[in-house]
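Visitor: Predicted model and sequence below, questions to follow.
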Amino acid sequence: MQLPISVYYGNLVQIYLLYPFRDTLLLTNNFYAVFTNDLMNLITFALMEQEGLVGKIRKLALQIGFADMGCAKAQRLSFEAERFMQAQQQGFFGQMEYLKRNFEKRTDPTLLVEGAKSVLVFLAPFGSGKIESKPTGNIAGSSTLKISEFAYGADYHTVIKERLNRVAYFIDSTVNSEHNTAAETVAATLNTTPNFKKYKSLTCRVFTDSAPIMERAWAVKAGLGFIGKNNFLISPTCGVKNFIGVIITTVEIEPTATESEAIATTTATVAKNKPLAAKNERNLTVPSCGNCTLCIEACSQKALFAPRSIDARKCLSYKTIEEPLGDSDDKSQQPVAATEKWIFGCDCCMNICPWNRFNKEGWSEFRSNYQLLSTKGATAGFWKTLTEEQFKTLFGTTPLMRAGIKKIIKNIERYEDNNTCRD
């Protein structure tokens, strides 16, 4: 059974007191060398024991498709809480009322999950893999409608949750078993038949953008990357296009990186990969975006008005997905820039990022509707002829349900009113 690391350190004095022939060795020059060697061995053993579980979890996570995984100690996010409150007070959340609720739980996972000790963070890649940065959407052409790449397949909440439940089951099995080897436990988890869509863990709660959790902040805490000027998590090894899944567990698991170690690790990786080209490469400051401002320049609505600062009320993603139908102020109902034809979401500030060249190939579930949406779905006529029932049949288990067919048609009409996207 894995013991808290404090148990090992708490007994270091006993090692000195019980060390064989201590009194005799004290009289020799060799004592300190021998004792120090054994002391370091004990510390190494303690660290290996603590890293053992997180290492096994990471091994499983990679085997079932996650691009990366990290762990952080469950604690209050003080700095992030202050920034979040400032954004709320300035009205940047628009009418997204769910962001205004549960502030304390959002900033402290120990209030969300009783007895929480650790926060595990997982990156699930979506999209078409490595791409060179580009300012436009992923559907080429000046007359086509565009849909955010995250909505090209199944609802990520359901897909990721099922795999997170598999990890939770593994954690339950591991902490409750003293007999299985790591290989046996991983193999059993991969091959077992429980219904992971409905699995209820004894030690974990899984979340996929479905609860008041600051996923990106926790990804940074776990050493998985840094927050870019476009507000997205940027992973030096996995790029930009990743969903984030979270497991909060009552099991104490060694963090994969302290805050300072996370910065150091990211810095080393950035220095090695150094993706920025042309105008921003020379002045790159790691582990951030350096002096690159491509994402800010790409935002036609000026919603991204400063590094890591966004006014959702102006954002096309907010306008085309979250903004309630018939309940918006006059300003937000005005036609958006004629050069933009996003009818669900917007990827401009994401697609322009040079770190896209490190993206991993996305899960197939997230691209199951690519062919349909990149052809018929790029025309206004396709959406206008769909009935509610047909829409639900085609897209009932996809992110497009978040807006619904009425909202999507309303978004199309905005552009048509401006004579920018007639078929």
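Guide: Cool, got the structure. Numbers count the residues shown, from 1 in each chain.

Visitor: For the residue nearest to Gln301 when sequence neighbours are not counted, grab the count of nearby residues.
Guide: In space, and not counting its chain neighbours, Gln301 is closest to Lys314: 4.6 Å by C-beta to C-beta, 6 or more residues apart in numbering. (Each C-beta comes from the backbone N, C-alpha and C, glycine too.) Neighbours of Lys314 under the rule other C-beta atoms under 10 Å: 20.

Visitor: wait, Lys314 sits on Cys346?
Guide: No. Between Lys314 and Cys346 there is no contact under C-beta atoms under 8 Å: 11.0 Å.

Visitor: Please enumerate the strands of this structure.
Guide: Under the criterion DSSP state E, the chain contains strands at 68-73, 118-125, 146-147, 204-207, 226-227, 233-234, 242-249, 304-306, 309-310, 342-344.

Visitor: Give the other helices and strands that the second one contacts.
Guide: Put plainly, it is strand 118-125. strand 68-73, helix 156-175, helix 215-221, strand 242-249 (3 or more C-beta pairs under 8 Å, 6 or more residues apart in numbering; DSSP states H and E).

Visitor: quick check: mean pLDDT across that strand?
Guide: What strand 118-125 shows for mean pLDDT is 98.

Visitor: what angle separates that strand from helix 156-175?
Guide: Orientation check (axes from the mean of the first three to the mean of the last three C-alpha atoms, to 10 degrees): strand 118-125 against helix 156-175 gives 130 degrees.

Visitor: Name the residues of strand 118-125 that are buried.
Guide: 118-125 (16 or more other C-beta atoms under 10 Å).

Visitor: Could you say which one of the helices and strands packed on strand 118-125 comes nearest to Gln371?
Guide: Using C-beta to C-beta as the measure, helix 156-175 is the one of the helices and strands packed on strand 118-125 that comes nearest Gln371, at 18.7 Å.

Visitor: The closest one - contacts with which helices or strands?
Guide: Helices and strands touching helix 156-175, by 3+ C-beta pairs under 8 Å, 6+ apart, are helix 31-63, strand 118-125, helix 182-191, strand 204-207, strand 242-249.

Visitor: Lowest average pLDDT across the ones you listed?
Guide: Of all the helices and strands packed on helix 156-175, mean pLDDT reaches its minimum on helix 182-191 (a mean of 58).

Visitor: any idea how far the nearest residue to Lys384 once chain neighbours are set aside lies from Tyr415?
Guide: Excluding the flanking residues, the one nearest Lys384 by C-beta to C-beta, 6+ apart is Ile409, at 6.1 Å. According to C-beta to C-beta, to the nearest Å, Ile409 and Tyr415 sit 11 Å apart.

Visitor: Which one of the two is surrounded by more residues?
Guide: Each of Ile409 and Tyr415 has its neighbours counted (other C-beta under 10 Å); Tyr415 has more, 21 against 17.

Visitor: Hmm, that one is touching Thr320, no?
Guide: No. At 10.6 Å, Tyr415 does not count as touching Thr320 under the criterion of C-beta under 8 Å.

Visitor: Quickly list what's touching both of the two.
Guide: Shared contacts of Tyr415 and Thr320 (C-beta atoms under 8 Å, 6 or more residues apart in numbering): Ile343.

Visitor: so where is the stretch 251-400 of the chain shaky, pLDDT-wise?
Guide: For the stretch 251-400 of the chain, the stretches with pLDDT under 70 are 259-287, 326-339.

Visitor: where exactly do the helices run in it?
Guide: Assigned by DSSP state H, counting those that start in this stretch, the stretch 251-400 of the chain shows helices spanning 259-273, 294-298, 316-317, 330-333, 348-351, 370-373, 380-384, 388-395.

Visitor: helices or strands up against the fifth one?
Guide: Yep, that's helix 348-351 we're talking about. Against helix 348-351 (3+ C-beta pairs under 8 Å, 6+ apart) you get helix 294-298.

Visitor: Tell me the buried residues in the helix it packs on?
Guide: Applying 16+ other C-beta under 10 Å to helix 294-298 flags 294-296, 298 as buried.

Visitor: Which secondary structure elements does that helix sit against?
Guide: So helix 294-298, by 3+ C-beta pairs under 8 Å, 6+ apart, packs with strand 304-306, helix 348-351.
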